[in-house]
Each structure stands twice: as structure tokens, then as C-alpha cells.
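Peer 1: Next come a sequence and a model predicted from it.
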Amino acid sequence: MTERVALVTGAAGGQGWAIAKRLRAQGYSVAACDLRADDAAAAAADLGDEGVIAYGLDVTSAEQWDATVRQVVDRFGSLSTLVNNAGVLHRTSLADETAEAFENSWRVNCLGVFLGMRACLDHLRSAEHASIVNICSTGAIRPFPQHCAYGSAKWALRGLTQAAAAELGPSGIRVNAVFPGPIATSMLDEATQTRLAATAMFGRIGQPTEIADAVAFLVSEAASFITGSELVVDGGQCLQIK
């Protein structure tokens, strides 16, 4: 049995892949899960490390969650860590928003996290140093125009994280959240990255590895007395009034 096993969603590239590699470097066996199964498999193959295995996963499907967790535990022998990184950034005005798009944002950004925590729960309860990290957003701290669907889903995820931390603490499961600001991934196009960097406090936006470092700390034993925390990694974005 491998004692430290992490399941990371949205791990085919960008921030999720950075998290997967960082946890592997920290000694975890890693299940790199993503809806883009081929991309996740290609990334894992390029890494050439049997301790990182790719799995296709639609986080909005309870059935796929259950099947993936079974595969991960069959492969690695246990599951001690869950990183809910998968998300979709959806921008549109309130007047132009559709019920379908609004619901999809909630399904990926909040429901998928709930389904993941539920699917992993029994295994986390039996693991030592069990930990969950949910990737939230500065959109759950301050409002941004044209982010009604995304922002409200991330606010809900913030509350879900707190409720789960309070409920699962007695079982020895720590639940924390990371709140990234603008990060240089494909979620933000080049023009948006340039615009945000121009007004950023540090003159740049964040790198995926900086979110990975925050996650690695929160799942580690160095954070063994931390649960229900909200670690903001935004280069001071939430301190700026614009």
C-alpha cells in the first residue's frame, strides 16, 4: 500500500498539472484526472513516471467519480488526498446569461467538488493525514463584473469548503481552500494576461507553480493543525481598489 496518494482534477495541463507534478515531487503517487483524457494521458506519458497515472474524469458525473476512485485505489492501494482543481471560467453579462450556461458553471465549479468529496470520503476516513484542498477563486472574495455564474459558484464552493471542514474534522480529514488570483494558464487568453499584469501590484500575474506550492503546503504535515483555512495567492489583487 502506498500511504500518500493524491487525486487531482483538472490535471491535463496548466495549474492542475503543476499541482500533480509538485505532489509527485513531494512523494505522493498521483492520479491526474481530467475530462480531456487524451491530454492527461499524453502529459503523464511525457513525464515517464509510474507514480503518475492519468484518468479520464467528468467531475459532474457521480458515476464517473465512483469508477475513477475505485481505479485509483485498485492501482495505488489507498487514497489520502483530494485536490479539486477542475473548473471553468465563464464570463457574460447578467442580461445575456442563459440558464444552461449558468447551471453548467455551477455543475463544474461546485457540484463537481461535492461529488468528489463524497466519492472519496470512505477512503479518506481510513487514511492517515487525510486532506482535501478545493481550488476556489478571488471571485469568491470580491465581485467582478460579468462573472455572475462563475463568481456565485465559487462563493458556493467557499461555503461548501467551510461546511465540509467543520463536518469532517472529527474524522481527521482536513479541508482547506486556495484562492488563486490571475494565473498564467490557458484559462486566460494572452490579451487578458497582459491587461491584468499591467495593473497588478507586482507587475505580473501568478504562475501555476505558485498555486502548486500552496496546495503542497496545505496537504503536508507542516499544515497538520490547519483546516477550514482560506489561502489567498493573488499577488495582492484583493487589496487593490480599481
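Peer 2: Happy to help now that I have it.
Peer 1: longest helix of this structure?
Peer 2: helix 148-168 (DSSP state H).
Peer 1: Of all the residues in it, which ones are buried?
Peer 2: 148-158, 160-162, 164-165, 168 (16 or more other C-beta atoms under 10 Å). Heads up, the C-betas are built off the backbone N, CA and C, glycines and all.
Peer 1: For the protein, which segments count as helices?
Peer 2: Using DSSP H, helices in the chain cover 14-25, 37-47, 62-76, 99-106, 112-125, 148-168, 190-199, 208-219.
Peer 1: Of those helices, which stretch is the most buried?
Peer 2: Mean neighbour count (mean count of other C-beta atoms under 10 Å) peaks for helix 14-25 among the helices of the chain, with a mean of 24.
Peer 1: tell me the mean pLDDT for it?
Peer 2: For helix 14-25, the mean pLDDT works out to 97.
Peer 1: Report the angle between that helix and helix 208-219.
Peer 2: 50 degrees (axes from the mean of the first three to the mean of the last three C-alpha atoms, to 10 degrees).
Peer 1: ok, A54 - contacts?
Peer 2: Contacts for A54 (C-beta atoms under 8 Å, 6 or more residues apart in numbering) come out as A11, A12, A31, A32, C33, D34, A37, A40, A41, A43, A44, A45.
Peer 1: looking at the chain, which helix or strand does the model trust least?
Peer 2: When the helices and strands of the chain are scored by mean pLDDT, DSSP states H and E, helix 190-199 comes last with a mean of 90.
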